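*Asks:* Model the following, please.
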Amino acid sequence: MKIRGPKGAFRVEMQREHLQDRTIICRYNPTEPGDYLISVKWSDEHVYGSPFHTHIFERQEDLDRFLHEQNTFRHAQHQWRDEI
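*Replies:* Numbering: from 1, shown residues only. Predicted coordinates for the structure are as follows:
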């Protein structure tokens, strides 16, 4: 697992839940707001959906504004498609 963020790559804490289990628990606590790219590989191949893109917000208001803008964009996109 690899995480890249505003200040480059970061250390990720990983541990197996059980020795016989193939599940690995990964933890990372981002310290900076911004865009993050999370790459998860198994046997050197990306798992389905990887890499994952996410955005960390500093304040709830920033998240609310982002979500409002996304909803406004999606609504406009649907209207545009209906007109075509």
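*Asks:* in the chain, which spans are helices?
*Replies:* 60-83 (DSSP state H).
*Asks:* Show me where it has its strands.
*Replies:* Assigned strands in the chain, in chain order: 2-5, 8-10, 13-16, 24-27, 34-39, 41-42, 45-46, 52-56 (criterion: DSSP state E).
*Asks:* Residues touching the last one, excluding its own?
*Replies:* Right, the one you point to is strand 52-56. 5, 30, 32-40, 66 (C-beta atoms under 8 Å, 6 or more residues apart in numbering). For glycine as for every other residue, the C-beta is placed from the backbone atoms N, C-alpha and C.
*Asks:* The third one too?
*Replies:* In this structure, residues lying in contact with strand 13-16 by C-beta under 8 Å, 6+ apart are 1, 23-28.
*Asks:* Quick check: the farthest pair among those residues?
*Replies:* Greatest spatial distance among the contacts of strand 13-16 (C-beta to C-beta): 23 and 28, at 16.9 Å.
*Asks:* Neighbour count for the two, which is higher?
*Replies:* Legend: neighbour count by other C-beta atoms under 10 Å for residue 23 and residue 28, higher for residue 28 (15 against 7).
*Asks:* That one reaches residue 5, doesn't it?
*Replies:* No. Counting by C-beta atoms under 8 Å, residue 5 is not a contact partner of residue 28; they are 9.1 Å apart.
*Asks:* beta partners for residue 55?
*Replies:* residue 35 (DSSP bridges).
*Asks:* Could you give the number of residues near it?
*Replies:* Neighbours of residue 55 (other C-beta under 10 Å): 11.
*Asks:* State the distance from it to residue 29.
*Replies:* 16 Å (C-beta to C-beta, to the nearest Å).
*Asks:* for residue 66, same thing?
*Replies:* Distance, residue 66 to residue 29, using C-beta to C-beta: 21 Å.
*Asks:* Tell me which of these two has more neighbours.
*Replies:* Set residue 66 next to residue 29 and count neighbours by other C-beta under 10 Å: residue 66 wins out with 12 against 6.
*Asks:* Tell me who's in contact with that one.
*Replies:* Residues in contact with residue 66 (C-beta under 8 Å, 6+ apart) are 55, 57.
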